[in-house]
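Chemist: fold the stuff below for me.
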Amino acid sequence: MTTQDFKNRLAAGLPVFAVNPGGRNADTIASLARYGVHAAFIDCERSGIGLDAAAELLFAARAAGLPSIVRTHSADPAEMVRFLDRGADGLVVPHCDSVADATAAVDLIRFACGKNADQKVLIVQIETKNAVENLEAITGVPGIDAFLIGPNDLAWDVCGERGAKNAQMTKIVDDVCRRLRAMGKRYGMPGPMAELPQFRDRGCTLVYYAMDWLIEAGMRELRGAFDPA
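Modeler: Numbers count the residues shown, from 1 in each chain. A predicted model of the protein is given here:
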């Protein structure tokens, strides 16, 4: 799959699977491509890897023909540009709280990639109260391909408990999805297997999936083969 294929699939509202290989695991990238993953989600925000390890993963993704998107440690343009310089096919920008944040991300892509900017993927994260309040303004910034809701950080900002799953958070996430859907935007969030029915009901098409969840599901299936009970 090419980066343009990824962008086209995303724009068409088809399911898009972006899998986090779980740190410095370049050897897993070819397997992700082989089994139908649409992009490698290289996480430099919530994992221990930095630029050097990410560069290895980017190289492996290019060799496997798998688009690569990097979630950077911050939205600092001086940091983000280094991943684009090393061949990232796109960026996932954390804590995009305002029009200024969104515009800075778009401008960074244009600065770093020039005439090839339209070939890059830009995903911004909605994961704070400010981002929710400014949602319509943020989505009005041209050049953003999709929006990734961060329910864990959003829960921390709203109720002081990271990852909280309560009625208040359900209402807020439902509202964000409803508003994005009404504007015709593409969006998603982390989608563990047990939550995928709700994920689909909310109109999400961008599935962020962790390697841990794949291993968990595989081990459950393996154990079940020997102990059906």
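Chemist: switch to C-alpha atoms for all contacts and neighbour counts from now on
Modeler: OK.
Chemist: for this structure, what spans make up the helices?
Modeler: 3-11, 29-34, 51-64, 77-85, 99-113, 129-133, 135-139, 151-159, 167-182, 196-201, 211-226 (DSSP state H).
Chemist: got the ones you listed as a markdown table, with distance to residue 188, mean pLDDT and mean neighbour count columns?
Modeler: Listed next are the helices of the chain as a markdown table, based on distance: least, CA to CA, whole Å; pLDDT from 0 to 100; neighbours: other CA atoms under 10 Å:
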| stretch | distance to residue 188 | mean pLDDT | mean neighbour count |
| --- | --- | --- | --- |
| helix 3-11 | 11 | 97 | 17 |
| helix 29-34 | 20 | 96 | 18 |
| helix 51-64 | 22 | 96 | 18 |
| helix 77-85 | 22 | 95 | 17 |
| helix 99-113 | 17 | 97 | 18 |
| helix 129-133 | 14 | 98 | 17 |
| helix 135-139 | 14 | 98 | 18 |
| helix 151-159 | 10 | 93 | 19 |
| helix 167-182 | 8 | 97 | 16 |
| helix 196-201 | 8 | 91 | 14 |
| helix 211-226 | 17 | 92 | 12 |
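Chemist: can you list those in TSV and add distance to residue 122?
Modeler: Converted to TSV, the helices of the chain look like this (distance: least, CA to CA, whole Å):
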stretch	distance to residue 122
helix 3-11	10
helix 29-34	21
helix 51-64	16
helix 77-85	11
helix 99-113	8
helix 129-133	17
helix 135-139	12
helix 151-159	19
helix 167-182	16
helix 196-201	21
helix 211-226	22
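Chemist: who wins for proximity to residue 21 among those?
Modeler: helix 211-226 (5.3 Å; CA to CA).
Chemist: next, count neighbours for residue 65.
Modeler: 18 (other CA atoms under 10 Å).
Chemist: what distance do you get for the residue nearest to it when sequence neighbours are not counted to residue 39?
Modeler: Distance criterion CA to CA, 6 or more residues apart in numbering; nearest residue to residue 65, sequence neighbours excluded, is residue 1 at 6.1 Å. For residue 1, the distance to residue 39 (CA to CA, to the nearest Å) stands at 9 Å.
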